[in-house]
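**Student:** Next input, structure requested:
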Amino acid sequence: MSPRLRAWAELLRLPALCTVPGDVLAGAAAAGVRPGRRTLLAVGASVCLYEAGMALNDWADRAEDAVDRPHRPLPSGRVRPAAALTAAGALTAAGLGLAARAGRPALTVAAPLAATVWAYDLALKHTPAGPAAMAAARALDLLLGAATAGRTRAALPSAALLGAHTLAVTTVSRTEARGGNAVAPLAALAATALLAHRLPAARGAAATRGLPGPTPATGTAAHPTTARTRTPAAGMAGTRTPAAGAPAARTRHAAAPAAFAPRPADALVPALAALYALTAARPYAHAVLNPSPQLTQRAVGAGIRATVPLQAALAARSGARAGALLVAALAPLGARLARKVSIT
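**Tutor:** Okay, here's the model as predicted:
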């Protein structure tokens, strides 16, 4: 990697980029739809807005970094501040443009997401509202995936869980440059344990409705009791009403118990929840015992990496097993990149 490319990779925190697509995919899963063209456009919008925030973050913190992190691309002179600000503006415009192509509901979510990113970096980061603003940005990013289907309400529980995780990580990150605070990593450790316990306990939108997942043809979920029935007339529910006195065994609802049978995705959720906890718990515990800058930075990095198995677990609990595995596959890539470029 050339020095110039490496400088931009550090500025944009390339390894953290692997934590971005899972937001949209988890949101789409929570909405009960199969990813399609609009989902891909939303992923592109999410990536652009995230990287805009990375560039803007270093531009806004360039004076502080000159003291605490003189090796960063801007204070070291490897990237000009004007170039970083220009990149932030261009990436924001690109993100909003891609969201617009994904549909008006997606743009309706992407616009406040972009506003939250800029507000956090320019005004809120060093205030008590900073962690909440960052949590709101992550939650909106997940809702962006659900907005491609116009079903953001269905994704609110998943967005809340992802926002809670982000709130914990961001709170720890506020002391990573100087350390000395064991309370924040202790609270993050407790939050991680609570979230890991909560993930298998609640099922996503498609699962709670008893839906097997999205169908390839429509992108929407089909009810197991109507999958083989014929619609007798327009506007009917798609099932036949049994004749009076007819025994229930003769109705065409034999597939209904399958809605309550264990599915492969159900077994995947506890495994991903455990992976999420294992990724973040040990570094958090080390930062509690010794809140030095080095261990606090490691805890922040682990919290960021733990976002991926969390996203995968959220997708799996909504019944999107393939999507969950796809998101989880981003974790090794992020870990590999983190060995070359710092994730924080």
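**Student:** hang on, residue 151 in a helix?
**Tutor:** No - applying DSSP: H, G, I helix; E, B strand; the rest coil, one finds residue 151 to be coil, outside a helix.
**Student:** Distance check, the residue lying closest to it once chain neighbours are set aside against residue 154.
**Tutor:** Closest residue to residue 151 apart from its sequence neighbours, by Cβ to Cβ, 6 or more residues apart in numbering: residue 31 at 4.0 Å. (Each C-beta comes from the backbone N, C-alpha and C, glycine too.) Separation of residue 31 from residue 154 (Cβ to Cβ, to the nearest Å) stands at 5 Å.
**Student:** In this structure the residue nearest to residue 151 contacts residue 142, no?
**Tutor:** No - taking Cβ atoms under 8 Å as the definition, residue 31 is not a contact partner of residue 142, at 10.2 Å.
**Student:** Which neighbours do the two have in common?
**Tutor:** residue 155 (Cβ atoms under 8 Å, 6 or more residues apart in numbering).
**Student:** still on that earlier bit, the more surrounded of residue 31 and residue 154?
**Tutor:** Shown here are residue 31 and residue 154; by other Cβ atoms under 10 Å, residue 31 has more neighbours (29 against 23).
**Student:** quick one: pLDDT of the more buried one?
**Tutor:** Residue 31 carries a pLDDT value of 95.
**Student:** How about the one 10 residues further on?
**Tutor:** In this model, residue 41 is scored at 98, pLDDT.
**Student:** Distance of it relative to residue 319?
**Tutor:** In terms of Cβ to Cβ, residue 41 sits 23 Å off from residue 319.
**Student:** Look at those two and report which has more neighbours.
**Tutor:** residue 319 (27 against 20).
**Student:** Quick one: list the elements packing against the longest helix anywhere in the chain.
**Tutor:** In the chain, assigned by DSSP state H, the helix with the most residues is helix 264-289. For helix 264-289, the packing partners by 3 or more Cβ pairs under 8 Å, 6 or more residues apart in numbering; DSSP states H and E come out as helix 183-198, helix 293-305, helix 307-317, helix 321-328.
**Student:** Give me the contact list for the third one.
**Tutor:** Contacting residues not belonging to helix 307-317 are listed as 18-19, 22-23, 25-26, 29-30, 142, 158, 161-162, 165-166, 169, 195, 199-200, 202-204, 207, 265, 268-269, 272-273, 275-276, 279, 323-325, 327-328, 330-331, 334 [Cβ under 8 Å, 6+ apart].
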